[in-house]
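Participant: sequence unavailable; structure follows:
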């Protein structure tokens, strides 16, 4: 039961850090609001599908949710966390910026390959 409470607290802190209500956050991770409330209170155990949804949506590792340690210092995961916090009207701009960076990086690689 203690582990459920610790896991639930980590979920709640992340949700609050994202400035999301239980209703909105539960929709994003495809669970009911009541199930999310039970998870956050430590009354329910975290299921595998929900863990996967949490990891995919928040960018946090399963290690973080389960054990409180985030072994992932992967920069891509940090970018996911930032993007998930953006308001809807900023997502298009972020997408275009990332596409430009990808295109620039591809051109740089081709340029480097040509010179070598």
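Facilitator: Right, received. Where do you want to start? Treat the numbers as computed from the prediction; the structure is a model and nothing was measured. Numbers count the residues shown, from 1 in each chain.
Participant: so which residues make contact with stretch 12-26?
Facilitator: 28, 32, 33, 35, 36, 37, 40, 54, 58, 60, 84, 85 (Cβ atoms under 8 Å, 6 or more residues apart in numbering). (C-beta placed from N, C-alpha, C; glycine too.)
Participant: and the third one, how many neighbours?
Facilitator: Residue crowding around residue 33 was assessed by other Cβ atoms under 10 Å; the count is 14.
Participant: which of the helices or strands spans the closest residue to it other than its chain neighbours?
Facilitator: Closest residue in space to residue 33, ignoring its immediate chain neighbours: residue 26 at 4.5 Å, by Cβ to Cβ, 6 or more residues apart in numbering. Per DSSP states H and E, residue 26 falls inside helix 22-28.
Participant: residue closest to the middle of this structure?
Facilitator: residue 58 (1.2 Å; Cα atoms, centre = their mean).
Participant: for that one, give me its contacts.
Facilitator: Listed by Cβ under 8 Å, 6+ apart, the contact set of residue 58 reads 14, 18, 80, 81, 84.
Participant: one more time with 10 Å
Facilitator: For residue 58, the contact set (Cβ atoms under 10 Å, 6 or more residues apart in numbering) comprises 11, 14-15, 17-18, 25, 28-29, 64-65, 77, 80-81, 84-85.
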